[in-house]
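Chemist: Quick one: sequence and predicted model below, then my questions.
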Amino acid sequence: MTREELIRKAFEAMENSYAPYSGYHVGAAVLTDTGKVYKGTNIENASFGATNCAERSAVFAAYSDGVRKDNITAVAIVSDGDRVCAPCGICRQVLSELIGQDVPIYLSNGTQEVDMTIRRLLPMQFGIEDVIR
Ligand SMILES: [Zn+2]
């Protein structure tokens, strides 16, 4: 699957966004080494802290199906915002543990595109090696 195809899958996921409060729609797609794609979208809630971001939804869906870090080969995160949708702090923390450090992360809003990795998005990470000694 090409980079563009994965980004397209993320835009498909964005169509299911549930964002009645922010009106900010996000989609994500996680590509695995079998070629399977897991999609996620942002799902807001009146209790704002219960809101879940698109990239966490997608990665959690993959993990729920048995996928693990070594199986994930790329991630796309897209939005309808004015600039590319960089993952929030919570998502950076989650991705730092659940995907490889150098897995490509494609960010797009349809007009701008940026390629990232979690290594670049979250320097000096707090991780499993800090907790389990
Ligand atoms: Zn987030």
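Modeler: Noted; the coordinates are in hand.
Chemist: What sits closest to I99 if chain neighbours are left out?
Modeler: I72 (4.8 Å; Cβ to Cβ, 6 or more residues apart in numbering). All C-beta spots, glycine's among them, are computed from the backbone N, C-alpha and C.
Chemist: I'd guessed the one you found sits against A28; true?
Modeler: No: using Cβ atoms under 8 Å as the test, I72 is too far from A28 to be in contact (11.9 Å).
Chemist: Between those two, which contacts overlap?
Modeler: V59 (Cβ atoms under 8 Å, 6 or more residues apart in numbering).
Chemist: more neighbours, those two?
Modeler: Legend: neighbour count by other Cβ atoms under 10 Å for I72 and A28, higher for A28 (31 against 22).
Chemist: thought the more buried one was touching A13?
Modeler: Yes: assessed by Cβ under 8 Å, A28 is found in contact with A13 at 6.2 Å.
Chemist: rewinding a little: what residues are up against the residue nearest to I99?
Modeler: I72 sits in contact with 30-33, 59, 62, 98-100, 103, where contact means Cβ under 8 Å, 6+ apart.
Chemist: In space, what's closest to the spatially most central residue of the chain - neighbours in sequence excluded?
Modeler: The centroid of the chain falls nearest to E55 when counting by Cα atoms, centre = their mean (2.5 Å). The shortest distance from E55 to any non-neighbouring residue, by Cβ to Cβ, 6+ apart, is to A28 (4.2 Å).
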